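**Q** Quick check, what structure comes out for this input:
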Amino acid sequence: MKTIRKTTGVAALVTAGIVMAGLAPQAAFAHKVVRKAVSHHHGSSSSIQSSLERRLQAMEEEIASLKGELAHARSESKAEAQATAEKISAHTQQVEERLAADESHAKDHHNLLFFRGGYAQNDKGRGDDLLTTAGPAHLSSGNGTGNGDNQGWYVGAGFDFDLTDNVWGLLEDTEVDGELMFEYKKWSELKKSGVGGTPLQIAINNQGFGIPTIGYGHDSVTVSQFTLSAAPKIKFNQLSALGIRPWVMPLGLALHVISPPSDGVTVFNPGMMFGGGMEYNIWGDLWAGFDARYHLTGGDLDGTNTDGFTAGGYVGFGF
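**A** You can find the predicted model right below:
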């Protein structure tokens, strides 16, 4: 029994040895394969890691570049926004200053209503005109006196309308006004004395026809002139702080109407006008000034001269 068990044990050991001997090469081969796989796995992992590191580095560089561009864009946007804000602020300030100036200008009264008066002198009297005498009896008898004074007085009124405060942007503190003015000038007057007649009888009698001049004559004859003018007036406001404002009138248009009519029975004669003066701000919108003007027509009106000179003062009210 013991012999059988011993024999069986030996056989089992032999069998196990044979099996192990047969499996040994296969186990060695499997170990080699595993080692090779592990080695290959380790090699692939290193390559993948290196590739990932390169990609991560590229992504970091790209992110850094994007951050720089974003910072630059933010800086530019901030600078542009600041520049735009400064422009808007400057423009707003200009608009506010302009509005304030317009409001101040609207509150101030730059137009003027004035009343004038003073001395008038014509270049030539009208004593030789037919219709200026005061009664044909004077002419027919030879003891008449001609109505030919060339010195007299004038009264008038007008408006100064403000056109621009700086000559349309060319000159500061220099304004241009448009003046519309009328005036009445009286040269002389002669009262009637004696028997008179009609102007036609006077003329015929003066030619030696001897026609009586019995009838009525003029009670009086007043030699006068009416003038309507329009002209630019340049006012210099550099001394406005002192209330002083000199001005010049370079050239204007004047229309003259004479009374009585000329020997050609004409009453209307256009011409030019120029002059200058100065005004002073008394208080508030009250002004006082003086001026001198000369009227030039360039020719007689059927033998009647209407050129003349005026000088005097005026009082003005701003509005």
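
**Q** My reading is that residue 68 lies in a helix. Confirm?
**A** Yes - Residue 68: assigned to a helix according to DSSP: H, G, I helix; E, B strand; the rest coil.

**Q** how many other residues sit next to it?
**A** Residues lying near residue 68 (other Cβ atoms under 10 Å) number 10. All C-beta atoms are positioned from the backbone trio N, CA, C, and that covers glycine.

**Q** same thing with the one 3 residues further on?
**A** Residues lying near residue 71 (other Cβ under 10 Å) number 10.

**Q** The lowest-mean-pLDDT helix or strand in the chain: what's the following helix or strand?
**A** When each helix and strand of the chain is scored by mean pLDDT, DSSP states H and E, helix 136-141 comes last, with a mean of 42. Next in sequence after helix 136-141, counting helices and strands by DSSP states H and E, comes strand 151-164.

**Q** Pull out the buried residues from that following strand.
**A** Applying a neighbour-count criterion of 16 or more other Cβ atoms under 10 Å, one finds 152, 154, 156, 157, 158, 160, 162 buried in strand 151-164.

**Q** what's the angle between the helix or strand just after it and strand 151-164?
**A** For strand 151-164, the succeeding helix or strand toward the C-terminus, using DSSP H and E, is strand 174-191. Here the directions of strand 174-191 and strand 151-164 differ by 160 degrees (axes from the mean of the first three to the mean of the last three Cα atoms, to 10 degrees).

**Q** What mean pLDDT does strand 174-191 get?
**A** In this model, strand 174-191 has an average pLDDT of 94.

**Q** For it, which helices and strands make contact with it?
**A** Contacts defined by 3 or more Cβ pairs under 8 Å, 6 or more residues apart in numbering; DSSP states H and E place strand 174-191 against strand 112-122, strand 151-164, strand 220-236, strand 244-259, strand 308-318.

**Q** Name the residues of it that are buried.
**A** Going by 16+ other Cβ under 10 Å, strand 174-191 has these buried residues: 174-177, 179, 181, 183-188, 190.

**Q** And this structure, split by domain according to the record?
**A** 1-107, 110-318 (automatic domain parsing).

**Q** which of the ones you listed sits most buried?
**A** Among those, ranked by average contacts under mean count of other Cβ atoms under 10 Å, first place goes to domain 110-318 (a mean of 17).

**Q** what's the offset of that one from the middle of its chain?
**A** 35 Å (Cα atoms, centre = their mean, to the nearest Å).

**Q** pretty sure residue 179 is in contact with residue 235, am I right?
**A** No - with contacts counted by Cβ atoms under 8 Å, residue 179 stays clear of residue 235, the gap being 10.4 Å.

**Q** hmm, back to that, least confident of the domains of the chain, on average?
**A** Minimum mean pLDDT among those: domain 1-107, a mean of 67.

**Q** middle-most residue in the protein, spatially?
**A** residue 168 (5.1 Å; Cα atoms, centre = their mean).

**Q** Name the nearest residue to that residue, sequence neighbours excluded.
**A** residue 176 (7.9 Å; Cβ to Cβ, 6 or more residues apart in numbering).

**Q** So what pairs up with that neighbour in the strands?
**A** As for beta bridges, residue 176 partners with residue 164, residue 234 under DSSP bridges.

**Q** List the contacts of it.
**A** 163, 164, 167, 168, 232, 233, 234, 235 (Cβ atoms under 8 Å, 6 or more residues apart in numbering).

**Q** for residue 91, same thing?
**A** For residue 91, no residue meets the contact criterion (Cβ under 8 Å, 6+ apart).

**Q** Now do the SS call for it.
**A** helix.

**Q** Pairing partners for the helix or strand containing residue 275, with directions?
**A** In this assignment (DSSP H and E), residue 275 forms part of strand 268-283. Paired neighbours of strand 268-283 in the sheet (DSSP bridges): strand 244-259 (antiparallel), strand 286-296 (antiparallel).

**Q** Reformat those strands as a markdown table; add distance to residue 97.
**A** Shown next, in a markdown table, are these (distance: least, Cβ to Cβ, whole Å):
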| stretch | distance to residue 97 |
| --- | --- |
| strand 244-259 | 24 |
| strand 286-296 | 28 |
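
**Q** Tell me what the nearest residue to residue 231 once chain neighbours are set aside is bridged to.
**A** Among residues not flanking residue 231 along the chain, residue 252 sits closest, at 2.2 Å (Cβ to Cβ, 6+ apart). Here residue 252 sits in beta bridges with residue 273, as judged by DSSP bridges.

**Q** Residue 252 reaches residue 273, doesn't it?
**A** Yes - here residue 252 reaches residue 273: they are 4.4 Å apart, a contact under Cβ under 8 Å.

**Q** Next, show the common contact partners of those two.
**A** With Cβ under 8 Å, 6+ apart, residue 252 and residue 273 have common neighbours 229, 231.
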